[in-house]
Every structure is written in structure tokens, then in C-alpha cells.
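Enquirer: Below is the sequence, then the predicted model.
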Amino acid sequence: MSATKRFDLRYFIRAGLLAGIVPLYTSVIGMVEVFNKREVVKGMLTLGEMLVIFPSLVVGYLVALKWRREGKNPFLALVGALIAGFVASLPTVLLILVNDRIPLRDMFVNVNPALMEILLVGQEQMAQGAFILMSVLAVSGLLGAVVSFIPYRFRRPLVIALVVVILSGLLSEFIKQVLQQFIERGALKQIVQGKSLTTKAAAAIFVVTYLTTLFWDVKGQAIRTRYNAMPASRKKQAGRLWKTMFGIFLLILPWVLGPYLSEVIDNVGLYIIMGLGLNIAVGWAGLLDLGYVTNFAVGAYIAGVLTSTGPLGLGARLGTDPLGFWIIIPISILAAMFTGFVLALPVLRMRGDYLAIATLGFGEIIRLLALSDWLKPYIGGAQGILFIPKPELPALAEILNLADRAPALIEIAKGDSLLAGLMNLILYGQFSGPQELYYIIFVGALFVLFVATRLNNSRTGRQWMAMREDEDAASSVGINTTTAKVLAFTVSAASGGMAGAIFASKVGTIFPNSFNLLVSINVLSLIIIGGMGSIPGIVVGSLALIGLPELLREFAEFRLLLYGALLVVMMLVRPEGLWPSPVIRREMAADEEEPPPDMGEMQTSQPMRPLSEASD
Amino acid sequence: MKARLYRLNWVDVVLNALRIVIIVAVIVGAFNTITSGKYTTDQWISLVMSGLAQGSIYALIALGYTLVYGILLMINFAHGEVFMSGAYTAYFLAIYTAKKGWLDSHPFLTILSWMALAAVVSMVVAVLLERIAYRPLRGAPRLVPLITAIGASFFLQYTFKGFYGSAFRTYPEVPALKGTINIGGAEIPIVQIIVFIAAVVLMVGLYWVVEKSKRGKAMRAVSENKEVARLMGIDIDKVIVFTFVLGGALAGAAGVINGLYRPQGVNFFMGFFPGIKAFTAAVLGGIGNVPGAFLGGLLLGVIESLGPNLVLDGLGIPAANQLKDVIAFTMLVLVLIFRPQGILGERLAEKRA
């Protein structure tokens, strides 16, 4: 590395321009304006402002870090970061200037006066506003550089604490909902106001996180060694204690969270069920299935037709009672498995990308058929199926006549302790709302989780993985790839069917448009982002991709934009996912011939592999 | 004979049964429709012509898929969005020129300028896509670029939604393209003929570039064997960028043609289905094969246009036109099952399919 002492102005300008694309882009697509409505810290910082400021901060940090790593003058690093931060403001300033001359709004619908007001920091005079914007961004560049000078031990807790403050700021509305049940109103006002944290609370969270992280960094190693030194029996005990506590936590979770958050958790759970299923095909068997929604739709429609109390329900047609929820679950699973089996046959001979496109075709065919007038007499066409009842269990309280025998239990159900809701459910068996449905989804997810874990370690699981690595090699060592593929599709379809049936009964009405390609893309994205083939990865992926956007409704508009960007970035930077499975992690480590690219580098300059590899 | 029967795989049995069922359904449906005399010859002619016009748009998009697949062996899933980006951006120029009155005074030149803008925008999008999303992953396992392409596709869709909004926008009416011509007793809209001719001209131009120009020769060399091409002193990166440029330009031009032809207008989601259908067309003609993509596009357009009336109607399915897209997707699956090498493709080995 030639450590030239010369001040490389072009490098800083290039880095600054790259960073400057972010505020420009997010402004033009309307993100800044929408996000500006969400305050992270009351009266101090909105999410929209963060979008504009953060790129400068990050670029200042990165260029300073890189400059100093190369052993160059630290003072020049500060100057360079200042310049990079300043340059990062130029694209946005250019947008303001151009928009002043030619109104861009005729073309770019989001370049409107409201956006200009945000970018000009509320100043009347354009020159003044632009000057403030430029100086703020330049200073953030400098600030980023200053952060890079802090020793690593103190810098890491700083970054973590900042992230925690921002996250809790974003989620403050829900923190409020949860805390409401435990804290009185006056005290709550001190922490959360409206939809954002108070300055005091933000500072407190920052300090606490900072100190905790610092403490853990210093002492964590010692604690871990102490834990490892404990005798095995004690460790087992501790493990059991943790597991029991976690289990109890999961059991009372919906009552802690309240109805709205339970609804979110329910959706996350449904996607975990589907993700675990699709993971069998995509993650383990290496069959990229873009039509997973087919199984979901089959499950939901079977459940809808068989249980609906409306005119389309089987009950009304045959003059019998419609079937109940519990019997429907296995029927839906079997139906979905059958569909998976049938659809697997034609695609058996296809490989890789052809298979993906063909399954995508299936998914669309199913939706179009469900929408068509042809099948309308059976499944309702665009109007869908209505009146799908909620699941029910026999009411224990009446059967066992508990009112006389154990009035204490009835009292618990009536009270307002955390157990009341659960007790009520057990005694009367009504799965009427998201909080009760949580248990069904929870049990379903546990069941699928169990099956998936067992399959993962089974002979079949190994066959799938061998097939994923190399189909020809797998078949030459005696694996029947036809059977293995059909099995993968069939088993993978099962959990789609289960999720569909639960979904149908949860929402009560199903329409063809609930079963569009986006469901498949959602499930696929969460698998890939969580980590292909990794079971904990799917849980993490569902929480991040399904849970977060439902909590942050401002994100809803940009959800697919972010999914798309995430998929691309994940594949470029971290193809193994957030929580990779050990097998994939090992493979990725083996693949890496070169050391990972320097984080300080702005471009992702991965080593070019020989092109011949691309053609196999 | 007995030995062969014995070796017959059960999957083959199922697939052959499927083949027979489909052929019988098509024959019965077509026979019923034709004997019922529900449609006149004129109607058939106009269905075929509108199928050809729609098909030539598919064909132009399909060329982009075919060129990229021929060289990189990857499905550029985001190609439909490349098409959309040009069409959607050129809409603003179209509105502007129509307001200024240029469309009335110089219709041909004006439309050409729309196409040029659309081609440039699509080209830029395609090249950026290659540079940012595909190039770093060139050596990765095959599913990785496909996933990236799916991500890029959604990213582009919603980026353009953010840029231009989500409303459907209709291209201005071109007076010169109004009216009909009488062909064999059927009244054919002029715009269909113009669309078809424009597509043929572009196609011939592309064919010339690929077959005769030096760049085209390099492209063919790279698609034949990258290693050897590199040894011959061909800059592979440049060739790949050139391929994306060509595909993008054609997709942009197709976007404007689509805007002229289809009255329902342009929208950020307009590229998705044409993209998948164009892929079908590319596979139908034999992926990697330039004339094949054109042939496949036309064929798919005609099948899609005739299918509902000819076959589904005859089978007694109500509102068969709703199932137009089902026909296209079914075609896709059928081609992938029964003839993955397409009509004109012959050297497609196992490793490509």
C-alpha cells in the first residue's frame, strides 16, 4: 500500500457524491416527506431528517476511517470528511435549485412545496435554507469523522446505543401501548409523548444502553468463562430455567402486547409457518419456488368452502352443518400437499431459473382462476367467500360445571390479571380475536418447527441438501432425485395449506386478491434475508420483514421498495442471510478465497471469479 | 418393446398423459367453436391481427431476455421494469410535445423522439442494473443473480412509483394513427399495422447488428465460449454492457409502441406481466436465439388472442377472455415442460435448461 501523503480530493468528492445520492433519491421518491411525519425524539429529530443527515455522517465516518487506516495525516481526514459531507449535500441542493427554475412536480409527483420546506429547514429564503442544509451536512460529515477517532472500545457502545435509541423512538407508540398496562398515565407522559420519545427518555435509554454495552464488553468475557466453568448439571438447570421463563413469556405474550400488537404477531406467526415450509423447498432442496402462494390459496379456499356458513359453503349446498375448524386443518394440509405433488410433476425436469418462472406461472394461474367467472359458482370469483367462522373449543366451564366446583378459576378469568385472558380462553374456548388466535398460530408454528427440525436431520433432509449442492452428483451416489424433489414440494406445500386454513378462519372472508404474487415474494424474501436453510433465520426474517413494516405504518408505502433493495444488498453483501445455518456458513467461509473487502471502501469491489464458473 | 415400456419412468407417463389431455382439449374446443359458427372470418382475421400487434411488442421485449440469456445464462427478471421505465418516462415528453403541437405538425419525427428518449432511459436503467446488481455476482451460484433480479425488479417498480406516482397515464392520441384499413373484409386499425411494421424494422436492425457488425460478432463469440472469446482479445465486460444496452434500447422502444397501441396507459406496474410473457416468448422461440424470440413473441401474441375464443369458448367456459393471461402462463409452463429448447433452439444442452 503506497501511503502517499498527498491529499486526494477526488476520492472525498466521489465518496461524498455517492452518499449524496441517498438524500436526493429518498427526497424524489417521497420518502423524506412521509418519514418526516414520524418524530424519533420529540421536537428534535424526525425520521425524514435522519434520511438526509445520516448519509453524510456515515460517509464522513467511513472516509476518515479509511484515510487513517492507510496511515495518512489525521487532520486531513477531518478536512476530507468535512468536504465529503458537504459534497453529499450538493445533489439535494441542485434539486432545490432546478425545482426553483422549472417546476419538477409535473413529472416527479413528490417534489412538492412540503418537501422543499423540509429540505430548506423551514427557511423562507432559498439561499439561506440551502446554506443551512449544506452546513448541516458538512458538519455531520465532520462529526462522523470525529466519531471514527474514538477508540473502538467506546465507539461500539456508542453506535449500539444510538441504534437502540432510534429503534425505541420508532417503536415508541407500541412501547406506550405495552407500558400503559403497567404504568400510570402521568409517568408514561414523561417517557412517550404522542408517537415519539421525550428528550429525557431518549437520553436515559442512551445512557443505559451505552453503559450496559460497555460493561458487557469489559466484563462479558469473564462472565462467559464463569458460566462455561460451571458443572454440567448446573448449566442444565440454568438452561431449563431460561427455557421455562421463555415459554411462560410466550404464553402470556398476547395479553402483554394488547390486541393490535397481537394481530401483528399473528401475521408474523403465519409467515413463520409459511417460511418454514417454503424453506424446505428453497433452503434445503434448492428448488426456487416462486409460486408458494398456490398452497396458501388452496388451504384457504378449501377451509373457506368447507366451513363457511354462507351460501357458498359446502354446508349450505348439501344441507348439512359446515365442517368445524379442527377437522379442516388436516384436510387443508392434505389438499395443499396434493396440489404441491401435482404441481411438482411438470417441473421435475426443470432446473434453477426455469423452475422459478414456471412456479411463478402456477401462482398467477391460481389467482386468475379464482378471479374468473368460470369458477365463480364454486368459489365466489372476485367477491370471495364470506362468513368463515372462527375456531371454537368446547367450553370447559360448562362441561365440568366449574361455576359450582371451582369458582376460583372463574374469578381468575373475570379479573384483569395477565392470566385472565388465557383462563377465559381455556374455560370458554372462544378464539374470537387476535389474542386468542395467537395460540392456534403458536401451536401450528411449533408443530411445523418440530417437523422441520426433525426433517433437517433426517435421511431425507440430507438427500435434499445433497441435491441442492449438486444434482448430478447426488443422483450418482444413489439418491432418487425425482422422489426427493416431489417429496420436497409436497412437504413444503403442507405448511402453506395450514397457514391458509388458519388465515381463512382468522380474517373470516377470503378474496382472490389476497393470494397474489406478493405473498410468495414476502415468504421468499424473509427466508433469504433471514438466512437460507436456517430455522432461526426464518423467525428473525419474519419479525424483521413482516413485523417491522406493520409496526411502522409510514414504511408500508415503501415496503416493497425496501424488500427489493434488501434482496439485492443481501445478495451482494451477505448472501448467507442475517442468521445463516451452520452448513451454509461453513460453505461460504470455504468459498472465500480472498479476505473480506475493507469496510472503509465505498464500492463493493468483490474479486472477479473466473467466468468459466458462471457457465456451469 | 417390452424393455422400453419397462424403462418408462412414471413421471414420463404423467407428462405424456398431460400432453394428450391438452391436445384433446384444444382440438375439441376448436372443433366446437368452429362448427358452432359463432365467429365470422372477419372476426378471426381481426383477432389474429391484434394478436400479431400485441405479439410484436412481446417480441421486442423478448429480444432483451434472449440476448442477456445467450451471454450470461441468467434470466434478467427485471427486464420488464426496464421496459416500463422507458415507456413511463417518455410519456412526459409525449404530453409535452402534444401540448406544443409538434405531434400534429410532425407526427413521425415526434414519435421517433419519444422512442429515442424511452430507449435512452431504458438503456441507462439496464446498464445500471448490470453494473450494480449483476456484475458483482457473475461467478455466484445461479439462483443468486435470479434472486437479485427479483429484488431489483421490485426496487425499480416502486422507485418509479415514487418518481411518477401510481396513476395510470394515457399517451396522447396520435391523429395520424387513427382509422382502419380493410384487409380481407376485416377492418384493421392502422395502429396495429404500424406497430407490427415498427417492430419488424427494429428487429431487422437488431439482427443486422448481431450478425454483421463487429460488436455483434463479439457478442456471438462470448455467448459461444467466454474463455476462448477472452483469449481472442474480446473485452467481455464491454460486450456484456453492450448486450444490456441493446436489450434496453429495444425495450424502451417497445414501451413507446405499447403506449401508442394500448389505450389503458402506462403505470409503474405495466412491465411485470409483459415481462413474464416476453420471457415465455423468448423460451417459446428458443432462448438465446434472436429470430426465435421474434417468432415466439408473435406466436404467443396470436395464441393469447385466439386462445380464449377458439379453445376455451368451445369448451363451454364462460367469460373466456378473463382467462387470457391463464393461457399465456399455461403456455409458459407447457413450453418449459415439453420443449425447453424452444421452436428454433436446437443446441440447448441439459446444462442450460
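Expert: It's in. Residues are numbered from 1 along each chain as shown, chains lettered A, B, ... in the order given.

Enquirer: and the gap between A:Ile440 and B:Ile257?
Expert: According to CB to CB, to the nearest Å, A:Ile440 and B:Ile257 sit 52 Å apart. The C-beta positions use only the backbone N, C-alpha and C, and glycine is treated the same way.

Enquirer: Tell me which of those two has more neighbours.
Expert: B:Ile257 (26 against 20; other CB atoms under 10 Å in any protein chain shown).

Enquirer: Could you name the helices and strands sitting against the strand or helix carrying B:Ala251?
Expert: For B:Ala251, the element it lies in under DSSP states H and E is helix B:236-261. Where contact means 3 or more CB pairs under 8 Å, 6 or more residues apart in numbering or on different chains; DSSP states H and E, helix B:236-261 is packed against helix B:41-72, helix B:79-100, helix B:107-129, helix B:190-212, helix B:214-224, helix B:226-231.

Enquirer: How about the residues of the stretch 451-600 of chain A by chain B?
Expert: A:482, A:521, A:524-525, A:528, A:558, A:560-561, A:563-568, A:570-572, A:575 (CB under 8 Å from any CB of the partner chain).

Enquirer: where are the low-confidence patches of chain B?
Expert: When residues are selected by pLDDT under 70, those of chain B lie in B:1-8, B:345-353.

Enquirer: got a list of what residue 172 touches?
Expert: Picked chain A for this. Contacts for A:Ser172 were tallied using CB atoms under 8 Å, 6 or more residues apart in numbering or on different chains; they are A:192, A:195-197.

Enquirer: Chain B, not that one
Expert: Taking CB under 8 Å, 6+ apart as the test, what B:Pro172 contacts is B:94-95, B:98, B:103.

Enquirer: residues in contact with the residue in the stretch 451-600 of chain A positioned nearest to chain B?
Expert: Residue of the stretch 451-600 of chain A nearest chain B, by CB to the nearest CB: A:Leu567 (2.7 Å). A:Leu567 is in contact with A:525, A:528-529, B:147-148, B:150-152, B:154, counting by CB under 8 Å, 6+ apart.

Enquirer: Leaving out chain neighbours, which residue sits closest to A:Arg449?
Expert: Quick fix: residue A:449 is Leu, not Arg. A:Leu276 (6.3 Å; CB to CB, 6 or more residues apart in numbering or on different chains).

Enquirer: Can you tell me which helices and strands the helix or strand harbouring that neighbour packs against?
Expert: Under the criterion of DSSP H and E, A:Leu276 resides in helix A:232-279. Applying 3+ CB pairs under 8 Å, 6+ apart, one finds that helix A:232-279 contacts helix A:172-179, helix A:420-428, helix A:434-456, helix A:481-507, helix A:517-530, helix A:535-542, helix A:548-551.

Enquirer: Run the chain-centre distance for it.
Expert: 16 Å (CA atoms, centre = their mean, to the nearest Å).

Enquirer: what pLDDT, on average, does the helix or strand just after that helix get?
Expert: For helix A:232-279, the following helix or strand on the C-terminal side (DSSP H and E) is helix A:293-307. If you average the pLDDT over helix A:293-307, you get 90.

Enquirer: how about helix A:293-307, does it get close to chain B?
Expert: No - using CB under 8 Å from any CB, helix A:293-307 stays clear of chain B, coming no nearer than 12.0 Å.

Enquirer: Now do the helix or strand that comes right after the helix holding B:Ala251: distance to the chain's middle.
Expert: Note on helix B:236-261: by DSSP H and E, the next helix or strand toward the C-terminus is helix B:272-285. Centre-to-centre, helix B:272-285 and its host chain are 5 Å apart (CA atoms, centre = their mean).

Enquirer: which parts of helix B:272-285 are buried?
Expert: Neighbour counts over helix B:272-285 (16 or more other CB atoms under 10 Å in any protein chain shown) mark B:272, B:274-285 as buried.

Enquirer: Check stretch A:47-64 too.
Expert: Residues of stretch A:47-64 classed as buried: A:47-64 (neighbour count, 16+ other CB under 10 Å).

Enquirer: In helices, which of those fall?
Expert: Judged by DSSP state H, helices contain the following of those: A:47-64.

Enquirer: and residue 52, what does it touch?
Expert: If you meant another chain, say so; for now it's chain A. Contact analysis of A:Val52 by CB under 8 Å, 6+ apart lists A:23, A:26-27, A:32, A:92, A:119, A:133, A:137.

Enquirer: Please refer instead to chain B.
Expert: By CB under 8 Å, 6+ apart, the neighbours of B:Leu52 are B:192, B:196, B:298, B:301-302.

Enquirer: Dump those residues to a markdown table, plus neighbour count and distance to B:Asn16.
Expert: Formatted as a markdown table, the contacts of B:Leu52 follow (neighbours: other CB atoms under 10 Å in any protein chain shown; distance: CB to CB, whole Å):
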| residue | neighbour count | distance to B:Asn16 |
| --- | --- | --- |
| B:Gln192 | 21 | 39 |
| B:Phe196 | 23 | 37 |
| B:Leu298 | 25 | 29 |
| B:Gly301 | 25 | 29 |
| B:Val302 | 18 | 26 |
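
Enquirer: Which of those residues sits closest to chain A?
Expert: Among the contacts of B:Leu52, and counting by CB to the nearest CB, the member closest to chain A is B:Gly301, at 17.4 Å.

Enquirer: Packing partners of the helix or strand hosting the closest one?
Expert: Using DSSP H and E, B:Gly301 sits in helix B:290-307. If you count contacts as 3+ CB pairs under 8 Å, 6+ apart, helix B:290-307 packs onto helix B:41-72, helix B:190-212, helix B:272-285, helix B:324-338.

Enquirer: Buried deepest among these, which one?
Expert: Stretch with highest mean neighbour count among these: helix B:272-285 (a mean of 28; mean count of other CB atoms under 10 Å in any protein chain shown).

Enquirer: now that helix against helix A:517-530, angle please.
Expert: 80 degrees (axes from the mean of the first three to the mean of the last three CA atoms, to 10 degrees).

Enquirer: Is chain A within reach of helix B:272-285?
Expert: Yes - interface with chain A: helix B:272-285 contributes B:276, B:279, B:283 (CB under 8 Å from any CB).

Enquirer: can you put those in TSV and add distance to B:Val174?
Expert: Shown next, in TSV, are the residues of helix B:272-285 next to chain A (distance: CB to CB, whole Å):
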residue	distance to B:Val174
B:Ile276	28
B:Phe279	29
B:Val283	33
